[in-house]
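Asker: coords please:
(one chain, ligands or ions: 1)
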Amino acid sequence: MGDFVDLHIHAMFGFDDGAAALEETREIIRLAAQAGFGTVVATPHVMVGVYEHDRAKLNDAIAALGPELASLETPVRVLPGAEYYLDEHFAGRLERGELYPLGAGKHVLVELPMLRIPPLARDFAFKLRIKGMIPILAHPERYGDVTRSPERAVELREAGYLIQLNLGSLVGMYGRGPRKAAEWLLKKNQVDFVGSDAHTPKQAEQTYGEGLAALRHVVGDEGLRRLLVDNASAAVAGPVKNG
Ligand SMILES: [Fe+2]
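Answerer: Prediction:
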């Protein structure tokens with residue numbers, strides 16, 4: 001079993017705009033396993049009026065995958081997670097105890113609106129931390145404000161978020177701006193995790209292939225280990241120190 005952990009992936013069919021059917025779920029996970037991932041955390045989108053989160057349903061769907069996973073050449077485990085869209089409903093979820101972590105840890109994956117970082121983003125990080133949870137900011141390099149000024153991601157990290165880059169950003173999957181911002185953040189040592197954010201087998205193939213190679217090129221084998229093994233495996237089991 002590989003020891004990489006992908007803590008951001010839309011591999012489960014029937015939950016969001018990720019994998020469209022069981023065959024795609026299986027193929028995405030097979031590609032992950034082949035690339036050295038021993039653990040993937042299924043993080044379906046959670047967005048009011050679009051996708052609601054049902055952890056029991058997700059656990060059942062993961063359990064039902066057992067035979068598919070057992071038939072893969074390389075073993076891999078799938079853990080439950082979620083990717084929360086940060087909007088005005090987010091605070092309510094927090095108050096009601098409806099924010100579910102990645103795996104068995106305390107880390108919560110959060111995405112922001114693409115066009116503008118909401119002013120409340122900093123405050124939400126503080127509120128989560130008070131409750132003993134640790135917010136991970138999904139792919140900041142893709143947000144317009146960060147693409148233009150990567151320092152904005154550093155500010156959010158200082159406000160309490162850990163930072164997760166998308167592997168695809170490093171190979172231009174989202175354009176030149178996010179690629180530059182992603183490289184800048186890596187070089188400034190402001191990245192805590194990387195994930196595939198793969199929604200399809202095609203994206204999985206590109207992120208686990210070229211994306212991983214590009215990451216290795218920038219941070220080397222040691223950096224790769226820190227991001228994909230040490231930090232990520234600690235996060236799905238328990239907290240990671242900021243810095
Ligand atoms: Fe995502």
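
Asker: Now do the same for stretch 169-182: mean pLDDT, whole number.
Answerer: Per-residue pLDDT over stretch 169-182 has a mean of 98.

Asker: So is it next to the ion?
Answerer: No. On the criterion C-beta under 5 Å from the ion, stretch 169-182 is out of touch with the ion, staying 11.9 Å away. Every C-beta, even on glycine, is put in place using the N, C-alpha and C of the backbone.

Asker: List the buried residues in that stretch.
Answerer: By 16 or more other C-beta atoms under 10 Å, the buried positions in stretch 169-182 come out as 169-171, 173-174, 177-179, 181-182.

Asker: ok, now stretch 126-134?
Answerer: Those would be 127-129, 133-134, for stretch 126-134 by 16+ other C-beta under 10 Å.

Asker: could you point out which element follows the worst-scoring helix or strand of the chain on mean pLDDT?
Answerer: Least confident helix or strand of the chain, by mean pLDDT, DSSP states H and E, is helix 90-95 with a mean of 88. Next along the chain after helix 90-95, taking DSSP states H and E as the criterion, comes strand 107-111.

Asker: Pass me the low-pLDDT residue ranges in this protein, would you?
Answerer: Counting by pLDDT under 70, the chain shows low-confidence ranges at 238-243.

Asker: Name the residues of it found near the ion, please.
Answerer: Contacts of the chain with the ion, taken as C-beta under 5 Å from the ion, map to 83, 197.

Asker: need the helices for this structure, in chain order.
Answerer: Assigned by DSSP state H, the chain shows helices spanning 22-34, 55-64, 66-70, 90-95, 121-130, 144-148, 151-158, 176-187, 201-206, 212-225, 232-237.
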